[in-house]
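Peer 1: only geometry, no sequence info:
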């Protein structure tokens, strides 16, 4: 059996971001908003990100050895 090590936070974030992009069909205007402090997810995109992040994080934690 091969063992790999991953950063669960990073993987869950990347997967959640992929789900946000898929949901909004990569429409950057629906995904991001920009202000003087930087670029952020829109409120709806953030909600979707949070939901999927929790899903993937919990899934990966259950697989942890």
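Peer 2: Structure's in. What do you need? Worth saying up front: this structure is predicted, and the values here are computed from it rather than measured.
Peer 1: Do a quick rundown of the helices in this structure.
Peer 2: Counting by DSSP state H, the chain has helices at residues 8-23, 28-31, 43-63.
Peer 1: relative to helix 8-23, how tilted is the last one?
Peer 2: Taking axes from the mean of the first three to the mean of the last three Cα atoms, to 10 degrees, helix 43-63 and helix 8-23 form an angle of 140 degrees between their directions.
Peer 1: now helix 43-63, how far from the centre of its chain.
Peer 2: Offset of helix 43-63 from its chain centre (Cα atoms, centre = their mean, to the nearest Å): 6 Å.
Peer 1: Find the residue at the geometric middle of the chain.
Peer 2: residue 16 (2.4 Å; Cα atoms, centre = their mean).
Peer 1: that older thread, just send the helices of the chain back as a markdown table, with distance to residue 1 and mean pLDDT too.
Peer 2: Quick note: C-beta positions are derived from backbone N, CA and C, even for glycine. Shown next, in a markdown table, are the helices of the chain (distance: least, Cβ to Cβ, whole Å; pLDDT from 0 to 100):
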| stretch | distance to residue 1 | mean pLDDT |
| --- | --- | --- |
| helix 8-23 | 19 | 98 |
| helix 28-31 | 38 | 96 |
| helix 43-63 | 13 | 97 |
